[in-house]
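> Sequence and predicted model, in that order:
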Amino acid sequence: MPRLPADPPRLWPRFSSALHSAAVTARVGRVLGIAFGLCFVTGLLSHYQYEPWSWLPVPAAPAWGYRLTQGIHVTTGIASIPLLLVKLWTVYPQLFAWPPVRSVVHAAERLSVFVLVAASLTEVTIGFVNVLQWYPWHFGFVYVHRMLAYVVSGALLLHIAVKLPLIREGLGARVTAAPTAAPAVGLSRRGLLIATAAGVGTLVVTTVGQSLGPLRRVALLAPRRPTAGPQGLAVNRTAAEAGLRDIAAMTGWRMRVHGPRPFALDLAAFEALPAVDRSIPLACVEGWSAGADWRGPLLLDLVRRAGGDADSRVRVVSLERFGSYRASIVDGPQLARAVLATHLNGERLDPDHGYPVRLIAPDRAGVLNTKWLTAVEVL
Amino acid sequence: MRTRVLLGVAGILLAGYGIFRILDKPSTSQPYEILRWLIGAVIVHDGIVVPVTLTCGAVLSAIPAARARQYLQGTLVAIAILTPPVLVEIRRRGTVASAKALLDQNYAAHLAVVGSVLAGAGLLAYLVRVWRDQRTSRTNVRPAQDHEPPSR
């Protein structure tokens, strides 16, 4: 194998900016690492909503639990985009380190950095694009987003392990120290950190209003306006998308309740059931959420009438003929507090909100609050 | 050293688990497509985004007024790093049903507003700096440097 010359070729890229420093990289990286960590943990909590262990059902309190964790997930994910761009910019000269490879170990380290950079860029990109309900790919987003999160987190831990002495040195160094740089020729390191904080902070403040009510007025860049939909609440999947465009004109609807003592109710009989009023926020996996007032009978009352009890495992089924979320399981603490809502914010449910009946339960991912219900099965 | 080893082993196991699960379910994960995304993301970032940024920085460095340039660069950095997600929103605006209340804002106008606010803040910070420097020079004290003098 031919030996490379000690010095890089004449046209090899060279970087003189003092901004490409360990002091800046370590500080931005620390914040980015925290953001990635929050994203990873809250992402796992979100997946737990969909695939809980049978011995540890999803809690029903606090009612705003999922609203908080998924709001953090999407907000930190969005904030990670500019943080990642700045972090990678500060270490860009490392891409052209000379010689490119010094040893097998060095080659392995560079490969792990490639995995980390590629997976991080892809993860934040597809995550944000998913929030916009845009899917320019053929892979299953939920599965890939989850597994790439493991890759990113693992590669990040490995990166920290390799770079720990440099990270400590960078965090310990003064931001203003620049022994090899010319004085005051452009943006200072402190200036770059302030500009990064300003950009990231502005992005957070102008988007987090989709999860955080008090900041809704300044949510200029938020993908969603959670209270702008029908009846003051946004919709994730419309009746038309579910193939139920004419649901409001449908006749002969019946709620069939299957169990040891099965029964069925038409709409008039269903609406004659004792109803409760509950304030339960609707929180979507895409990060947006809003408070809402619901009215309808308790699911548990129907379950008991069919021969089940509070320990039953219950499946609610939609009129939708296709789709991943046309049915969902309710059990544990959520069963006791779940409502089969017929009204939202004082009005009969809009077709897009699940007319004639939908499930709503506290601390539950929005898409699991199945709409356009037609059956309850006590399993 | 023990911390580094533990972190490294945990990292390899975690990343290995993710890669294994991706490869274990190819019909869902489409590994080749993921690979294209991974490589494409690096090419777009390292081959286009950063070189364009560096070129912009080089052009800005031609501005002779160093103090003003610092604040201009800082303001542009703040605006530039929040722009990419907004560009996607602008591109996808109006592509979903109105009931979703998704992508229904005028993101281009809002980006202009947000950019103007940041530019205003940058201008204000620059004016404060000018005022402070003038006060400092009146008392015959050298203005504060952003960087320490070179060591050689």
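Structure received. Note that the coordinates shown come from a computational prediction; the quantities given were computed from them, not determined experimentally.

> List the contacts of B:Gly122.
B:Tyr71, B:Leu72, B:Gly74, B:Thr75, B:Ala78 (Cβ atoms under 8 Å, 6 or more residues apart in numbering or on different chains). For glycine as for every other residue, the C-beta is placed from the backbone atoms N, C-alpha and C.

> Same check on A:Asp277?
Counted by Cβ under 8 Å, 6+ apart, A:Asp277 has contacts A:Asp293, A:Trp294, A:Arg295.

> mind checking which helix or strand it is in?
Assigning secondary structure by DSSP states H and E places A:Asp277 in strand A:276-279.

> can you pull the buried residues of the longest helix along chain A?
Ordering each helix of chain A by length in residues (DSSP state H) puts helix A:141-172 first. Neighbour-count burial for helix A:141-172, counted by 16 or more other Cβ atoms under 10 Å in any protein chain shown, picks out A:143-163, A:167, A:170.

> Mind giving me the packing neighbours of it?
Secondary-structure packing of helix A:141-172 (3 or more Cβ pairs under 8 Å, 6 or more residues apart in numbering or on different chains; DSSP states H and E): helix A:22-50, helix A:104-131, helix B:2-24, helix B:26-29.

> gap between B:Leu14 and B:Thr83?
Using Cβ to Cβ, to the nearest Å, B:Leu14 is found at 32 Å from B:Thr83.

> Same check on A:Gly287?
Taken as Cβ to Cβ, the span from A:Gly287 to B:Thr83 is 20 Å.

> Between these two, tell me which one has more neighbours.
A:Gly287 (26 against 19; other Cβ atoms under 10 Å in any protein chain shown).

> The more buried one looks like it's in a helix, true?
No - counting by DSSP: H, G, I helix; E, B strand; the rest coil, A:Gly287 is not part of a helix but coil.

> where in chain A is pLDDT low?
A:1-2, A:177-185 (pLDDT under 70).

> Next: chain B.
B:140-152.

> how about a cut-off of 50?
Applying pLDDT under 50 to chain B flags the ranges B:146-152.

> which residues in it form helices?
Taking DSSP H as the criterion, chain B carries its helices at B:2-24, B:26-29, B:31-44, B:50-60, B:66-92, B:107-138.

> Take those helices and write them to JSON lines, including distance to A:Ala97.
Listed next are those as JSON lines, based on distance: least, Cβ to Cβ, whole Å:
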{"stretch": "helix B:2-24", "distance to A:Ala97": "21"}
{"stretch": "helix B:26-29", "distance to A:Ala97": "33"}
{"stretch": "helix B:31-44", "distance to A:Ala97": "16"}
{"stretch": "helix B:50-60", "distance to A:Ala97": "15"}
{"stretch": "helix B:66-92", "distance to A:Ala97": "24"}
{"stretch": "helix B:107-138", "distance to A:Ala97": "34"}
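
> out of those helices, which comes closest to A:Ala283?
helix B:66-92 (21.1 Å; Cβ to Cβ).

> Check the secondary structure at A:Ser312 for me.
Classified using three-state DSSP, A:Ser312 is coil.

> Could you measure from A:Val41 over to chain B?
Per Cβ to the nearest Cβ, to the nearest Å, A:Val41 is found 13 Å from chain B.

> gap between that residue and A:Tyr143?
On the measure of Cβ to Cβ, A:Val41 and A:Tyr143 end up 19 Å apart.

> circling back: to B:Ile90, which of the helices and strands packed on helix A:141-172 lies closest?
Short answer: helix A:104-131, nearest of the helices and strands packed on helix A:141-172 by Cβ to Cβ, at 13.4 Å.

> Report whether that closest one contacts chain B.
Yes - using Cβ under 8 Å from any Cβ of the partner chain, helix A:104-131 reaches chain B at A:Phe114, A:Val115, A:Val117, A:Ala118, A:Ala119, A:Leu121, A:Thr122, A:Thr125, A:Ile126, A:Phe128, A:Val129.

> Ok, stretch A:80-90 next?
Yes - using Cβ under 8 Å from any Cβ, stretch A:80-90 comes into contact with chain B via A:Ile81, A:Pro82, A:Leu85, A:Val86, A:Leu88, A:Trp89.
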